[in-house]
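Asker: return a 3D structure for these sequence lines:
(one chain, ligands or ions: 1)
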Amino acid sequence: MEKIILVTGGGRGIGAACALLAASRGYTVCISYRTDAAAAAEVVAAIASAGGTALSIQADVSDEAAVESLFAQIDKRFGRLDALINNAGILSPQMRVEQMDAARINQILATNVTGSFLCAREAVRRMSTRHGGQGGSIVNISSRAAVLGSPGEYVDYAASKAALDALTIGLSKEVAAERIRVNGVRPGLIDTAIHASGGEPGRISRLRSSVPMARGGEPLEVAKAALWLLSDEASYTTGSFIEVSGGR
Ligand code: NDP
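Answerer: Now for the predicted structure:
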């Protein structure tokens, strides 16, 4: 039976790479997006033209009703869910902690933390043997920022990713006996538009020399780690993290 995967924020960047790679590995793919419908449609079209099945659904992961509607639409269309990549994430313009206000911090936490919790909750309700499900696998896209702290750039973002890592550890233990594995990927400097949203499109060029491998990474390199964690190749791996960061 073909497996069904949801990739949140699957229209662009790392999420798009995950969606395309999942389709090439035989998954039926659902991607969600917040505002960029055209980018999401391009990913769906690329999967369809390669003979796969995909659909995109608009849903802000920080909005509980929108997340519930997203999963209800997946239920209606496919009737089950086998894999989730919690990828949707944001950062805000670079600044020091003493300049941050509550609105900024809460916006980051609402998407990166609350959004991931809500999607994980809905996935567990469908996958867990406790609820009559067949099991499944969840991968949370964290960041090396969770460990490095992002001083002078976005400590709020780094803190949100550390919270996501705690979700990975705690949830992995909570559902381990219910045939669900939960793991994380911590990307380093990956070539996507997220750096422009932090106010520095050329950030990778500035920081390249701090990477032992002396280059930024590609979204596909992150997707390969995520897809491995989802696969049966990782059948005894849960509560684990893969660093995809060129050694940084
Ligand atoms: P991009 O900015 O390229 O893409 C982000 C994606 O997330 C978009 O598809 C966007 O949707 C979606 N998104 C953002 N907010 C929401 C929301 N509230 N609800 C639903 N979807 C949302 O980012 P990346 O591909 O670089 O990042 C993907 C993940 O990887 C993030 O979690 C990020 O923190 C993490 N990461 C990235 C690194 C990097 O160097 N690029 C390094 C470490 C971690 P839309 O297209 O509609 O705007």
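
Asker: show me the contacts for Ala166.
Answerer: By CB atoms under 8 Å, 6 or more residues apart in numbering, the contact set of Ala166 is empty. Using the backbone N, CA and C atoms, a C-beta is placed for each residue, glycine as well.

Asker: now the element after the strand or helix carrying it, going C-ward?
Answerer: For Ala166, the host element (DSSP states H and E) is helix 155-174. Following helix 155-174 in sequence order, the next helix or strand is strand 180-187 (DSSP H and E).

Asker: what strands line up against that following strand, and which way round?
Answerer: If you go by DSSP bridges, strand 180-187 pairs up with strand 136-141 (parallel), strand 241-244 (parallel).

Asker: roughly how far apart are Pro212 and Pro187?
Answerer: Distance of Pro212 to Pro187, given as CB to CB, to the nearest Å: 15 Å.

Asker: centroid residue for the protein?
Answerer: Against the mean C-alpha coordinate of the chain, by CA atoms, centre = their mean, the closest residue is Asn87 at 1.4 Å.

Asker: now do that one, the pLDDT please.
Answerer: According to the prediction, Asn87 has pLDDT 98.

Asker: return the residues in contact with it.
Answerer: Asn87 makes contacts with Val7, Thr8, Gly9, Gly10, Ile14, Gly15, Cys18, Ile141, as judged by CB under 8 Å, 6+ apart.

Asker: could you do Asp75 as well?
Answerer: By CB under 8 Å, 6+ apart, the neighbours of Asp75 are Arg126.

Asker: pretty sure Ala39 contacts Gly10?
Answerer: No - in this structure Ala39 lies outside contact range of Gly10 using CB atoms under 8 Å: 9.3 Å.

Asker: around the ligand, which positions in the protein sit nearby?
Answerer: The chain has residues 8-9, 11-15, 32-36, 39, 60-62, 87-90, 111, 115, 141, 143, 187, 189-190, 192-194, 197 near the ligand, with proximity defined as CB under 6 Å from any ligand atom.

Asker: hang on, the earlier thing: so which of the contacts of Asn87 is the closest to Ala54?
Answerer: Checking the contacts of Asn87 against Ala54 by CB to CB gives Gly10 as the nearest, at 8.8 Å.
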